[in-house]
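Colleague: Starting from these lines, generate the structure:
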Amino acid sequence: MKKAQRGKKSKVVRYNRWGYIFLIPFISVYVIFQLIPLVSTVYNSFFENYRSGLSQVGPNFVGFDNYLKIFTDGDIWTYLKNTMIMWGMGFVPQILLSLLLGAWFSNKRAKIKGTGFFKIVIYLPNLIMASAFSMLFFVLFSEKGPINSILVDLGILQNGYKFLSNVWSTRTLIAFMNCIMWFGNTTILLMAGMMGIDPSLTEAAEVDGATSLQIFSRITLPLVKPILIYVMITSLIGGLQMFDVPQILTNGTGNPVESSMTLIMYLNKHLYSKNYGMGGALSVLLFIITGILSLLVFKITDKKEAK
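Modeller: Have a look, this model is predicted:
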């Protein structure tokens, strides 16, 4: 018996060994491209290390001076506010549109034809590079672009409107682009959750006389809440990392009056000027802010579910 048990254990060990072997490529890539840069970023944040003209200053250990300088400048809170405003303006219509389309496509009673085609169409903007999308909108909404030409020809405007010179029109364009690019991905995720709901629940509710709105609010939404939390947290992380759309649309300036300057654009300024100490400190702070906000979203939604 003991020999048989030993033989089984040795076979299990040999079998499990292949699992560890297959994990080696992933662990190697993670250590080289994520863990080492993360540690080096935290390390560099405690040093004064930048270029002044042709001369290199540092690296000199300065402790938490870089962090104190970021807070005393006060710009970080302005850029955080800009980032959260543009994220909120894009996320709210995105989640509402995704819930509507997800409920529509997953409704078996609607018997919608060609749902596969529509799924591909709504997901296509997600495949377009953000840089190409930004350049397209930059041309469309420029002062002498096609949109202004159409509005002037229709008599709606007398002269071309400077979309990119107005604070809220610029923010709206950035939010709109982010909404268009990501609502397809969100719709697919929510639709997958809705299609996994047991049809007997909705059938029982219909027999009891529940309306479509009551079924959606009291059955569908509570059951897809885990996916909604996942979408909200991942969207929040993506929103805090918002860079390419406002960078290209405003030519890296964040204008007008830096109202569309995001945290990552601010970080890019430090890295472009080779101020690695300040860039590292800002990266660490951004990591902490992302963690705190994600935790708050999870806790708030978890409390609501508990009630």
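Colleague: drop to CA atoms for contacts and neighbour counts, all remaining ones
Modeller: Fine.
Colleague: Give me the most central residue, the chain.
Modeller: Nearest to the mean C-alpha position of the chain, by Cα atoms, centre = their mean, lies Gly238 at 1.9 Å.
Colleague: which residue ranges form the helices in the stretch 51-200 of the chain?
Modeller: Residue ranges of the helices in the stretch 51-200 of the chain, as given by DSSP state H, counting those that start in this stretch, are 65-73, 75-106, 115-127, 130-140, 146-153, 167-195, 199-207.
Colleague: after the one helix or strand in the chain whose mean pLDDT sits lowest, next one along is what?
Modeller: Of all the helices and strands that make up the chain, helix 2-30 has the lowest average by mean pLDDT, DSSP states H and E, namely a mean of 73. From helix 2-30 onward toward the C-terminus, using DSSP states H and E, the following helix or strand is helix 36-44.
Colleague: Run a quick neighbour tally on the closest residue in space to Trp182 that isn't next to it in sequence.
Modeller: Closest residue in space to Trp182, ignoring its immediate chain neighbours: Asn126 at 5.8 Å, by Cα to Cα, 6 or more residues apart in numbering. The burial metric for Asn126, expressed as a neighbour count using other Cα atoms under 10 Å, is 17.
Colleague: List the contacts of Asn126.
Modeller: Asn126 makes contact with 180-182, 184-185 under the criterion Cα atoms under 8 Å, 6 or more residues apart in numbering.
Colleague: Does Ser149 touch Gly160 like I think?
Modeller: Yes - assessed by Cα atoms under 8 Å, Ser149 is found in contact with Gly160 at 7.2 Å.
Colleague: Provide a list of residues in contact with the residue nearest to Leu124 when sequence neighbours are not counted.
Modeller: Ranked by Cα to Cα, 6+ apart and with sequence neighbours excluded, the top spatial neighbour of Leu124 is Gly184, at 7.6 Å. In this structure, Gly184 makes contact with 98, 119, 122-126, judged by Cα under 8 Å, 6+ apart.
Colleague: For these, pick the one with the most neighbours.
Modeller: Each of the contacts of Gly184 was scored by neighbour count (other Cα under 10 Å); the top score is that of Ser98, with 23 neighbours.
Colleague: quick one: low-confidence ranges for this structure?
Modeller: The model of the chain has pLDDT under 70 over residues 1-15, 110, 302-307.
Colleague: Would you agree Leu271 is in contact with Ala281?
Modeller: No - the pair Leu271 and Ala281 does not pass the contact test of Cα under 8 Å, sitting 11.4 Å apart.
Colleague: Show me which of those two is the more surrounded one.
Modeller: For Leu271 versus Ala281, the count of surrounding residues by other Cα under 10 Å is larger for Ala281: 26 against 16.
Colleague: Look at the closest residue in space to the more buried one that isn't next to it in sequence and say how many residues are nearby.
Modeller: Using Cα to Cα, 6+ apart and skipping residues adjacent in sequence, the residue nearest Ala281 is Ser45, 4.4 Å away. By other Cα under 10 Å, the residues close to Ser45 number 25.
Colleague: who's in contact with Ser45?
Modeller: The neighbours of Ser45, taking Cα under 8 Å, 6+ apart as the test, are 66, 276-282, 284.
Colleague: Equivalent analysis for Thr202, please.
Modeller: Contacts here follow Cα under 8 Å, 6+ apart; on that basis Thr202 touches 215, 219.
Colleague: Try it again at 7 Å.
Modeller: Ile215 (Cα atoms under 7 Å, 6 or more residues apart in numbering).
Colleague: from here on, count from 13
Modeller: Right, with 13 as the first residue, what we last looked at is Thr214.
Colleague: That one and Ile186: what is the separation?
Modeller: From Thr214 over to Ile186 the distance is 39 Å, taken as Cα to Cα, to the nearest Å.
Colleague: One more: Phe175?
Modeller: On the measure of Cα to Cα, Phe175 and Ile186 end up 11 Å apart.
Colleague: who's more crowded, those two?
Modeller: Neighbour tally, Phe175 and Ile186, criterion other Cα under 10 Å: the higher count belongs to Ile186, 23 against 18.
Colleague: now stretch 192-202, how far from the centre of its chain.
Modeller: On the basis of Cα atoms, centre = their mean, to the nearest Å, the separation between the geometric centre of stretch 192-202 and that of its chain is 12 Å.
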